[in-house]
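Novice: Mind folding the following:
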Amino acid sequence: MPYLTRKKAGSASTDVRTGLGVPGYAHPLVAPAEWAELTRPGTPVHWAVLDVADGPGVRPDPHCLQAASRLRTAGVRILGRLDTTYGARPFGDVISDAHRYLDWYRVDGFLLDRSPTERGALPEVRRTVTTLRALADSPHIVLGHGTHPYPGYAESADQLVTFSGPWSDYRWSQAAEWTAAYPPERFCHFVHGVPRGHLDEALRIARWQGAATIWFTDRTDRGGQVAPWEALPGYWDEIVSRIGTGVSE
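Specialist: Got it, this is the predicted structure:
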């Protein structure tokens with residue numbers, strides 16, 4: 001398979017442990033079990049995204065405030081979702097949403113969802129990230145490209161989402177060669193439609209491609225009609241157990 005034919009990325013950081021990056025559960029009223037699972041001791045969560053209403057919403061949501069408080073108490077890093085609309089969203093709107101996330105939910109950083117990938121958009125993304133870093137104390141910034149962007153983006157954020165899509169694409173995917181210059185903790189993969197029987201294979205792909213933060217689920221997007229990340233995968237306990245004990249190469 002293609003992922004077995006390239007040099008392992010990030011070989012200098014072989015001790016990095018794989019963990020979960022939660023792209024964004026449904027509202028806590030709809031998915032109380034999902035939010036509760038993230039606070040279970042020993043769950044290997046790198047961070048979880050809080051998406052109140054396609055952003056922070058227009059006023060503080062008491063249920064989201066409670067969920068954020070529980071995550072914070074459990075030591076889980078919380079990221080606010082900022083939709084950049086592939087660079088088309090006005091800078092002021094993005095920063096305004098960031099202020100609300102910080103003021104209301106005390107987030108630890110941001111996922112810039114639908115981030116652009118081309119070289120020409122990089123200066124504006126740098127401007128946004130620089131402004132976000134000035135708003136808070138060492139915020140964790142993740143650029144949600146969903147594919148490999150122009151390499152310069154790696155210098156602008158803490159992590160990049162370099163794959164977001166179905167298992168049918170992921171199992172034949174290849175990492176961009178430039179990613180080998182960075183350690184695995186810099187990259188995230190989100191994959192839906194992963195069958196239980198292929199979970200080990202998916203975890204091996206992530207490690208061979210050098211992505212330490214992952215979210216795998218057997219749920220699908222039903223042809224783009226639903227968000228596959230909003231509920232727990234059917235093999236939640238299994239994936240938590242496997243990541244928690246390490247994944248063999």
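Novice: Where is the longest strand in this structure?
Specialist: Across the chain, the longest stretch assigned as strand under DSSP state E is strand 159-166.
Novice: what about it, average pLDDT?
Specialist: Averaged across strand 159-166, pLDDT comes to 98.
Novice: To what extent is A33 buried, counted in neighbours?
Specialist: Neighbourhood size, A33 [other CB atoms under 10 Å]: 10. (Glycine included, C-beta is placed from N, CA and C.)
Novice: Buried residues of the longest strand of the chain, list them for me.
Specialist: For strand 159-166, the neighbour count (16 or more other CB atoms under 10 Å) marks Q159, L160, V161, T162, F163, S164, G165 as buried.
Novice: Wait, the fourth one touches S173, no?
Specialist: Spelled out, that is T162. No. Checked against CB atoms under 8 Å, the pair T162 and S173 is beyond contact range at 9.4 Å.
Novice: ok, which stretches of the protein are strands?
Specialist: Using DSSP E, strands in the chain cover 19-22, 45-50, 78-83, 109-113, 140-144, 159-166, 187-192, 213-217.
Novice: Can you tell me which of those is most buried?
Specialist: Mean neighbour count (mean count of other CB atoms under 10 Å) peaks for strand 109-113 among those, with a mean of 27.
Novice: what about the protein, any weak spots by pLDDT?
Specialist: Scanning the chain for pLDDT under 70 picks out 1-16, 245-249.
Novice: ranges for the helices of this structure?
Specialist: Remark: helices assigned in the chain by DSSP state H are 32-37, 62-73, 91-100, 122-135, 167-170, 199-209, 236-244.
Novice: looking at those, which is buried most?
Specialist: It is helix 199-209: most buried of the helices of the chain by mean count of other CB under 10 Å, with a mean of 20.
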